[in-house]
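S.K.: Starting from these lines, generate the structure:
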Amino acid sequence: MIDLREAFESYNDEFLKFEKIEAPLHRRPDICAFLMLDAMLPGPSRDMVCSAEHDEIWLDIDCEKLAEVIKEYQILNLVRCGVRYSDGSLCMFV
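M.R.: Model prediction:
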């Protein structure tokens, strides 16, 4: 199981470097991230964004389950899409 906090922090220098992703699932970084996360943890039929405040959105992802299945390269690509790990949740700036 991966420590998500450590893993996301280790790729800080790759934040928003979407152009470095080889064969992204979508040409838009946010949609690419949503598709990647849904492929790893198929969720219920509801919105990926579960809350928003000011300039941030939080994603409806169970981070404990994600830590069991995610690979390092997937974390790197999520960071390149603009996904961050904060206080036990995944979030993005809007």
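S.K.: which residues does the residue lying closest to Asp3 once chain neighbours are set aside contact?
M.R.: Leaving aside its sequence neighbours, Asp3 sits nearest to Ala67 (Cβ to Cβ, 6 or more residues apart in numbering; 7.4 Å). C-betas here are computed from N, CA, C, even on glycine. Contact analysis of Ala67 by Cβ atoms under 8 Å, 6 or more residues apart in numbering lists Met1, Ile2, Asp3, Leu4.
S.K.: Assumed Ala67 was part of a helix.
M.R.: Yes - using DSSP: H, G, I helix; E, B strand; the rest coil, the assignment for Ala67 is a helix.
S.K.: Centre of the chain to the lowest-mean-pLDDT helix or strand in the chain, how far?
M.R.: The least trusted helix or strand in the chain, going by mean pLDDT, DSSP states H and E, turns out to be strand 49-53, with a mean of 92. In terms of Cα atoms, centre = their mean, to the nearest Å, the centre of strand 49-53 is set 14 Å apart from its chain centre.
S.K.: helices or strands up against that strand?
M.R.: strand 56-59 (3 or more Cβ pairs under 8 Å, 6 or more residues apart in numbering; DSSP states H and E).
S.K.: returning to that earlier point: which residues sit against the least confident helix or strand of the chain?
M.R.: With contacts defined as Cβ under 8 Å, 6+ apart, strand 49-53 is touched by Ile57, Trp58, Leu59, Asp60, Val94.
S.K.: change it to 10 Å
M.R.: When contacts are defined by Cβ atoms under 10 Å, 6 or more residues apart in numbering, strand 49-53 is touched by residues Asp30, Phe34, Ile57, Trp58, Leu59, Asp60, Ile61, Ser89, Leu90, Cys91, Met92, Val94.
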